[in-house]
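Asks: With the sequence up front, the predicted model follows.
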Amino acid sequence: MFEQYNYFELNKEQEDIKRAAREFAESEIPKFAKSCDENEEFPWELWKKVCKNGFVGVFIDEKYGGAGYGYFENALIWEEFHRVDPGCGFATLGTTIGAETLQLNGTEEQKESYLVPLPKGEAIMAIMITEPHAGSDVAGIKTTAVKEGGYWVINGTKTFSTNGSIADYAIVLCRTEDEGERHRRFSTIIVDLKSEGITRTKLRGKIGMRASDTAEIHFDNVHVPGENLMGVRGKGFYHIMDFFNRSRTWVAAQAVGAAQGALELAVSYAKERRVFGEPLSRFQAIQFKVAEIATKIEAARCLTYKAASAIDKGKIIPELSAMAKWYAARVAVEVVDECLQMHGGYGYFSDYDISRFYRDVKVLEIYEGTKEIEKWLIGRRILGVKR
Ligand SMILES: Cc1cc2nc3c(=O)[nH]c(=O)nc-3n(C[C@H](O)[C@H](O)[C@H](O)COP(=O)(O)OP(=O)(O)OC[C@H]3O[C@@H](n4cnc5c(N)ncnc54)[C@H](O)[C@@H]3O)c2cc1C
């Protein structure tokens, strides 16, 4: 459906990737979507299949077991999975979260140890930045890592960590320096989450993306080998910002896919549902609504593809990634609202998939930088205003 609008020219390989992701998502994800949402359960069996079929971590170099594709191909897969179900899409593809920065900044040994197991489905990763008192203000975090002998000793609490209770290891942003400029006091450290002193609590009760695991992690004198420092000491804040410049393209792709999926549900419904003796689709008000929705999705898709391909061309443009993420997420929230509206009262019940999409998409305006933080970044970059 709507393939004819896909004007962003995909080459043969990219078309094959997109088609394979769509076919896999359509045949496998629906079996898990509803129950994983209802039970807040990670789709273990589905995740294994997604890995086996080569969709996880495709941006990871072939040398480290990935497909060696770019962020563009990665976005195509995220889009197709989220078109079918955002919760299971995020749960399964998001198992490599943090690998983006590890691939850029890790040592050879770190990449061998921590990247290689991810596409194979032998490990799950997390990235822990947010704390109970500080999310948007990344430099406001308080978790400390103090060097003692050959170890980093970590104390503090991280929250809202995706995969937090199921991941094998995580990149943890810690404050390592007492002095110096505010943003140069942090470092990123790879932590084995089975280490002594770690308590993990799964956070239940999310309104959406319930197949994805989210947890609070407490670190009490956790000893981590000194060589687990990732990247440059004191540059952790900047490693995280660079991670966001990349990860925001997959959030934008999540939004485009979810919005597309919602539109397709609404279009099917509008063709079947009869009102005033005619199918809903015959009414001009509905046709206008569908026209606006489809146009917004297409604009969001173009921006998302542009941002992802810029990264693959080596152009890191923070405001472009932020524009794609902010705009696509806004479109998804608006579009899913209108698509539920087209379902009338039925859309308000969980029997209809649109109700799940409605709950799932809101978080796209919250994680990897809230919509306010995205706009702040875009505005500052355009106006040339320093923080
Ligand atoms: C499902 C889920 C998964 C997540 N996964 C992860 C993860 O894997 N790792 C991780 O580290 N974090 C994760 N997060 C955390 C997420 O990144 C934060 O929730 C987000 O960055 C916002 O931080 P906060 O919740 O502390 O809100 P706050 O920073 O307290 O912001 C509250 C509100 O104030 C606004 N605001 C803040 N500062 C300004 C300002 N200067 N100007 C205008 N408005 C402002 C915000 O936009 C927001 O609307 C996840 C969150 C959720 C819900």
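Replies: Good, I have the coordinates.

Asks: ok, now which ones touch whatever residue of the stretch 1-150 of the chain ends up closest to the ligand?
Replies: Minimum separation of the stretch 1-150 of the chain from the ligand (C-beta to the nearest ligand atom) falls at residue 135, amounting to 1.9 Å. Just so you know, the C-beta spots here come from the backbone N, C-alpha and C atoms, and that holds for glycine as well. Residues in contact with residue 135 (C-beta atoms under 8 Å, 6 or more residues apart in numbering) are 129, 160, 370.

Asks: Can you tell me which of those is nearest residue 81?
Replies: Within these, proximity to residue 81 (C-beta to C-beta) peaks at residue 160, which comes in at 21.8 Å.

Asks: ok, and for stretch 33-43, which residues are buried?
Replies: For stretch 33-43, the neighbour count (16 or more other C-beta atoms under 10 Å) marks 33-34, 36-37, 40, 42-43 as buried.

Asks: Tell me the one of these nearest residue 113?
Replies: If you rank these by distance to residue 113 using C-beta to C-beta, residue 42 comes first, at 23.3 Å.

Asks: quick one: pLDDT of that closest one?
Replies: The per-residue pLDDT reported for residue 42 equals 98.

Asks: quick one: the closest residue to it other than its chain neighbours from the ligand, how far?
Replies: Of all residues not flanking residue 42 in the chain, residue 213 sits nearest, at 5.1 Å (C-beta to C-beta, 6 or more residues apart in numbering). Residue 213 sits at a distance of 9 Å from the ligand (criterion: C-beta to the nearest ligand atom, to the nearest Å).

Asks: going forward can the numbers begin at 268, since that is how I track them
Replies: In the new count, where the first residue is 268, that last one comes out as residue 480.

Asks: Let me see the contact set for residue 480.
Replies: With contact set as C-beta under 8 Å, 6+ apart, residue 480 has these partners: 309, 358, 429-433, 469.

Asks: so of those residues, which ones are in helices?
Replies: Using DSSP state H, the subset of these located in helices is residue 358.

Asks: which of the contacts of residue 480 are close to the ligand?
Replies: Among the contacts of residue 480, proximity to the ligand is found for residue 429 (C-beta under 6 Å from any ligand atom).

Asks: Kindly indicate the member of the contacts of residue 480 with the most neighbours.
Replies: residue 358 (28 neighbours; other C-beta atoms under 10 Å).

Asks: you'd agree it is up against residue 310?
Replies: Yes - using C-beta atoms under 8 Å, residue 358 is in contact with residue 310, at 5.7 Å.

Asks: Mutual contacts of these two, please.
Replies: Shared contacts of residue 358 and residue 310, counting by C-beta under 8 Å, 6+ apart, come down to 303, 478.

Asks: returning to that earlier point: let me know the closest of the contacts of residue 402 to residue 514.
Replies: Among the contacts of residue 402, and counting by C-beta to C-beta, the member closest to residue 514 is residue 396, at 11.0 Å.

Asks: what bridges to the closest residue to that closest one other than its chain neighbours?
Replies: Closest residue in space to residue 396, ignoring its immediate chain neighbours: residue 440 at 4.8 Å, by C-beta to C-beta, 6+ apart. Residue 440 forms beta bridges with residue 455, as assigned by DSSP bridges.

Asks: residue contacts, residue 440?
Replies: Residues near residue 440 by C-beta under 8 Å, 6+ apart: 395-396, 405, 408, 410, 453-455, 503-504, 507.

Asks: And the pLDDT at it?
Replies: For residue 440, pLDDT reads 98.

Asks: try residue 270
Replies: 52.

Asks: burial count for residue 384?
Replies: Number of residues near residue 384 (other C-beta under 10 Å) recorded here: 18.

Asks: What of the one 5 residues further on?
Replies: Other residues within reach of residue 389 by the criterion other C-beta under 10 Å amount to 11.

Asks: how near is residue 584 to residue 574?
Replies: Separation of residue 584 from residue 574 (C-beta to C-beta, to the nearest Å): 8 Å.
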